[in-house]
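Engineer: Mind looking at a prediction? Sequence and model below.
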Amino acid sequence: MFRPRPAQQTAVSQNSEAGPSINVITSPDIGQGNDVSTTSIPGPSAEDQSFVSRIMSDNPYFSAGAGLMGIGVVLTVLRRSVTLGTTFAQRRMLVTLEIPSKDRSYPWFLEWMAAQSASQVGKGKKPMGFRSHELAVETSYKQHENGSSEAVFNLVPGPGTHYFKYQGTWFQVKRERDAKLMDLHSGSPWETLTLTTLSAYRHLFSSLLTEARALAEASTEGKTVVYTAWGVEWRPFGKPRGRREMGSVVLAEGVSEKIETDLRSFLGRGKWYAERGIPYRRGYLLHGPPGSGKTSFIQALAGSLHYNICLLNLAERGLTDDKLNHLLGLVPERSFILLEDVDSAFSKRVQTSEDGYKSSVTFSGLLNALDGVASSEERIIFMTTNHYERLDPALIRPGRVDLHELLDDAKGEQAKRLFIKFYGNSTTTIENGQEVEKGRILREGEIPLTDQEVEDLGNQVQKIIEDEYSRGRTISMASLQGLFIRTGAQECLEGIRELCRPSE
Ligand SMILES: Nc1ncnc2c1ncn2[C@@H]1O[C@H](COP(=O)(O)OP(=O)(O)OP(=O)(O)O)[C@@H](O)[C@H]1O
């Protein structure tokens with residue numbers, strides 16, 4: 001039976017060693033008998049490559065793609081090595097210092113940079129300046145001897161990258177502002193300064209920061225810094241103020257000396273307190289009518305002892321017992337804590353203020369904060385009030401308030417001393433921290449009085465005040481000061497009686 005034979009037959013067989021191979025069975029022309037020849041094509045392993053390369057060399061698209069891919073790989077490797085190399089070099093050769101805006105050295109550094117460029121400008125040189133196109137302005141006020149002040153504009157690096165040279169070495173400063181993060185206390189955006197220089201000069205960081213700190217301290221030297229509470233921390237309020245000389249606050253005889261002596265003796269007894277396990281703190285309460293010199297005296301006393309003042313307003317919005325406690329535990333060194341008008345802080349608390357606000361410091365919270373943890377750290381608290389009678393006895397018991405002192409309306413001899421301070425021929429000022437006697441500056445058209453004339457007029461002032469006092473009328477020291485500023489020595493005598501008021 002005739003069986004038609006396929007002209008060509010393909011079969012796949014398993015090549016035991018080299019994997020599957022394709023056997024192509026080709027038949028010779030019909031009529032040439034049954035001769036069958038078999039050709040074997042190699043499998044994908046060893047032979048695979050020649051197969052792939054054949055396809056690639058035969059196909060121009062494949063070969064071009066492979067070429068491009070190769071270049072891409074090489075470039076990626078190169079790029080990566082450059083990045084790694086740079087990072088490595090940076091790590092080995094450069095050093096960076098980060099100063100966040102929360103750190104105390106942050107304003108010091110900016111002030112230092114401003115001072116560097118300003119001092120160079122002053123000398124008529126090119127500003128030291130930093131190489132930059134992004135500047136920010138810091139305005140400060142310079143006080144002249146005659147009391148007038150002038151605004152000084154200092155250019156500091158704004159957000160961006162800047163370069164400057166310090167002790168012959170280049171530094172890069174990057175000032176970055178975070179648009180999303182905010183300093184909740186100051187309300188200003190979170191910022192970071194990053195200083196970079198060569199590793200070999202890393203020691204210059206500390207000398208640069210030391211210089212910046214010294215500059216900041218020099219600007220407060222001989223001045224009193226007033227701190228106020230910003231959230232849970234103390235921040236300087238305005239520029240440091242020139243010290244007020246003690247003699248400029250005229251109190252009734254012996255009062256000033258009594259408080260000063262008490263405080264000085266306390267300051268020298270830290271060891272004594274520690275040995276007995278007594279908390280090292282002292283409280284003072286100055287009470288009396290408005291304008292009797294309570295705040296002025298505390299300022300002058302702080303200046304004379306080279307102390308600063310932490311001013312706390314108990315009725316402040318957002319102040320809670322916890323915050324108060326925290327703040328009193330973090331008072332900057334050599335500072336008095338000043339609580340003004342302590343009475344009103346608590347009478348307001350019961351009521352609600354006009355805008356419906358209620359402060360959340362409680363009376364017991366204040367007592368706890370005043371007592372604090374029994375610490376060996378020095379704590380000096382001054383409180384003032386116009387209404388002594390309204391104070392809760394718990395607030396002013398010994399241990400919380402150790403010295404109560406009345407600063408009253410003007411007494412006769414007190415008014416005379418103030419008069420002589422204003423119209424006498426010499427006046428005391430503070431220069432380089434020292435009290436210096438100087439001739440008084442006369443106002444325009446004023447004829448100077450002899451010492452005897454000043455004394456006689458002073459006696460008359462004393463007599464008027466005593467006379468008024470016997471009639472139950474008094475005048476505050478602040479009103480007298482105002483009168484002496486406005487009028488001449490003779491003229492003021494007439495004005496005193498008018499300013500006297502029935503005493504409360
Ligand atoms: N005893 C004083 N000697 C010299 N100046 C005084 C005296 N008392 C008040 N003054 C002047 O009056 C002004 C107000 O004084 P100060 O604020 O110290 O008074 P105060 O007693 O704290 O008033 P208040 O109770 O209203 O807070 C200041 O400019 C101060 O110079």
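Structural biologist: Looks like it arrived, so ask away.
Engineer: got the CA positions of the strand or helix carrying residue 420 in PDB?
Structural biologist: Secondary structure from DSSP states H and E places residue 420 in helix 412-423. Presented in PDB, the C-alpha positions along helix 412-423 are these (Å, rounded to 0.1, in the frame of the first residue of the first chain):
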ATOM      1  CA  GLY A 412       9.500 116.000 102.700                       C
ATOM      2  CA  GLU A 413      13.200 115.100 102.900                       C
ATOM      3  CA  GLN A 414      12.800 112.600 100.100                       C
ATOM      4  CA  ALA A 415      11.300 115.300  97.900                       C
ATOM      5  CA  LYS A 416      14.200 117.600  98.800                       C
ATOM      6  CA  ARG A 417      16.800 115.100  97.800                       C
ATOM      7  CA  LEU A 418      15.100 114.600  94.500                       C
ATOM      8  CA  PHE A 419      14.900 118.300  94.000                       C
ATOM      9  CA  ILE A 420      18.700 118.600  94.600                       C
ATOM     10  CA  LYS A 421      19.300 115.800  92.200                       C
ATOM     11  CA  PHE A 422      17.500 117.800  89.500                       C
ATOM     12  CA  TYR A 423      18.700 121.300  90.200                       C
END
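Engineer: contacts for it?
Structural biologist: Outside helix 412-423, the residues that touch it by C-beta atoms under 8 Å, 6 or more residues apart in numbering are 247-248, 250-253, 410, 427, 440, 449, 454-455, 457-459, 461-463, 465-466, 469, 475, 477, 480-481, 484-485, 489, 492, 496. Placement of C-beta: from N, CA and C, glycine included.
Engineer: Mind doing that once more with 6 Å?
Structural biologist: The contact list for helix 412-423 (C-beta atoms under 6 Å, 6 or more residues apart in numbering) reads 250, 252, 454, 458, 461-462, 465-466, 480, 484, 489.
Engineer: Produce a ChimeraX select command limited to the buried residues of the residues you listed.
Structural biologist: Here is the ChimeraX selection string for the buried members of these, based on 16 or more other C-beta atoms under 10 Å:
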select :250,252,454,458,461,462,465,480,484,489
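Engineer: what subset of the contacts of helix 412-423 is also close to the ligand?
Structural biologist: Filtering those for proximity to the ligand by C-beta under 6 Å from any ligand atom leaves residue 250.
Engineer: Identify the farthest-apart pair in the contacts of helix 412-423.
Structural biologist: Using C-beta to C-beta, the contacts of helix 412-423 span at most 22.8 Å, a distance reached by 252 and 489.
Engineer: residue ranges of the strands in the stretch 51-200 of the chain, please?
Structural biologist: 94-100, 135-143, 149-157, 160-166, 169-182, 189-198 (DSSP state E, counting those that start in this stretch).
Engineer: quick one: contacts of the longest one?
Structural biologist: Right, the one you point to is strand 169-182. Strand 169-182 has contacts (C-beta under 6 Å, 6+ apart) with 157, 159, 161-164, 189-197, 201, 204.
Engineer: switch the cut-off to 7 Å
Structural biologist: Contacts of strand 169-182 from elsewhere in the structure, counted by C-beta atoms under 7 Å, 6 or more residues apart in numbering, are 130, 157-164, 189-198, 201, 204.
Engineer: Look at stretch 226-244 and report the distance between its end residues.
Structural biologist: Using C-alpha to C-alpha, to the nearest Å, one end of stretch 226-244 lies 13 Å from the other.
Engineer: Contact partners for the one residue in the chain that gets nearest to the ligand?
Structural biologist: As assessed by C-beta to the nearest ligand atom, the ligand sits closest to residue 293 within the chain, at 2.8 Å. Neighbouring residues of residue 293 by C-beta under 7 Å, 6+ apart: 249, 251, 407, 477.
Engineer: how about residue 61, what does it touch?
Structural biologist: Counting by C-beta under 7 Å, 6+ apart, residue 61 touches no other residue.
Engineer: per-residue pLDDT, it?
Structural biologist: Looking at residue 61, its pLDDT reads 70.
Engineer: I figured residue 411 was touching residue 254, is that so?
Structural biologist: No. In this structure, residue 411 is not within contact of residue 254 by C-beta atoms under 7 Å, at 11.4 Å.
Engineer: From the neighbour counts alone, determine which of those two ranks first.
Structural biologist: residue 411 (19 against 9; other C-beta atoms under 10 Å).
Engineer: distance of the more buried one from residue 294?
Structural biologist: Going from residue 411 to residue 294 by C-beta to C-beta, to the nearest Å gives 16 Å.
Engineer: Same check on residue 479?
Structural biologist: Residue 479 is 15 Å from residue 294, where distance means C-beta to C-beta.
Engineer: Looking at those two, which is more packed in?
Structural biologist: The neighbour count for residue 479 versus residue 294, taken as other C-beta under 10 Å, is higher for residue 294 (26 against 19).
Engineer: And stretch 87-104, end to end?
Structural biologist: End-to-end distance (C-alpha to C-alpha), stretch 87-104: 30 Å.
Engineer: Which element, helix or strand, includes the closest residue to residue 234 other than its chain neighbours?
Structural biologist: Leaving aside its sequence neighbours, residue 234 sits nearest to residue 227 (C-beta to C-beta, 6 or more residues apart in numbering; 4.0 Å). Element membership for residue 227, per DSSP H and E: strand 226-230.
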